[in-house]
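Asker: Here's my sequence, what's the structure:
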Amino acid sequence: MAGPLWPRTRRGSTDEALIKSVYEEHGHALLAYATRLTGDRAAAEDIVQETLIRAWRHSEVLVNGKGSVRGWLLTVARNIVTDRYRAKAARPPEVSGSPAHPPVEADHADAVVDTMTVLGALDQLSPEHRDVLTELYYRQQSVAEAADTLGIPAGTVKSRSHYALKALREVFRESTRTGGPSPRPGGLQEVVA
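Answerer: Predicted structure coming up:
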């Protein structure tokens, strides 16, 4: 919309009608643009509201006939998004909690269950297979380092790890068939899967 909506006669109801008219004509495009910029509908609605407040405060821009009203609104919305991004980047990260409400720590119960499941499955392997997997995956050693630690050739480490993982997969499959706990993705379980 390039031209003025109507000449301003008095402040107040005319400005309110002007903003209402601007919203009816440009509101959907403004909301779509803000949503694309933020990726968040709720944040986009806040930006549209702030844009319309700025339009109301500077309503003379909407009626002076210079340039496009929609272009001005989109520029204001983009500037608001940029300002919010810069403000968020400049301040330290927010920490939830207060002395009355301490921050919530992550529940480590899933990790404990996974560890117990994997350790139970490792107990069902032969000591040779268990030792190789312990060196390679828990101690994160290379094949050569595991071979040195265990005092066996590197080829034997590779072979034992292959058959150990195969046996471990079978233990997990059997556990799943009998209704036992199964490990979630991550760590040794991904190697086994």
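Asker: Name the residue closest to the centre of the protein, please.
Answerer: Nearest to the geometric centre of the chain sits G39, at 11.9 Å (Cα atoms, centre = their mean).
Asker: For that residue, report the pLDDT, please.
Answerer: Looking at G39, its pLDDT is 90.
Asker: Pull out the buried residues from stretch 19-27.
Answerer: By 16 or more other Cβ atoms under 10 Å, the buried positions in stretch 19-27 come out as I19, V22, Y23, H26. To be clear about C-beta, it is placed using only N, CA and C from the backbone, and glycine gets the same treatment.
Asker: Next secondary structure element downstream of whatever helix or strand the first one lives in?
Answerer: If you go by DSSP states H and E, I19 is part of helix 13-38. Next along the chain after helix 13-38, taking DSSP H and E as the criterion, comes helix 41-57.
Asker: ok, residues contacting that next one?
Answerer: Residues outside helix 41-57 that contact it (Cβ atoms under 8 Å, 6 or more residues apart in numbering) are 15-16, 19, 22-23, 27, 30-31, 34-35, 37-38, 61-62, 72-73, 76-77, 80-81, 84.
Asker: can you give me the angle it makes with helix 13-38?
Answerer: With axes from the mean of the first three to the mean of the last three Cα atoms, to 10 degrees defining the directions, helix 41-57 sits at 150 degrees from helix 13-38.
Asker: Show the subsequent helix or strand relative to helix 41-57.
Answerer: Following helix 41-57 toward the C-terminus (DSSP H and E): helix 59-63.
Asker: Got the domain ranges for this structure?
Answerer: Here the domain parsing of the chain from automatic domain parsing is 13-90, 109-192.
Asker: need the least confident one among these, by mean pLDDT.
Answerer: domain 109-192 (a mean of 82).
Asker: G67 and S59, how far apart?
Answerer: Noted for G67: a distance of 15 Å to S59, by Cβ to Cβ, to the nearest Å.
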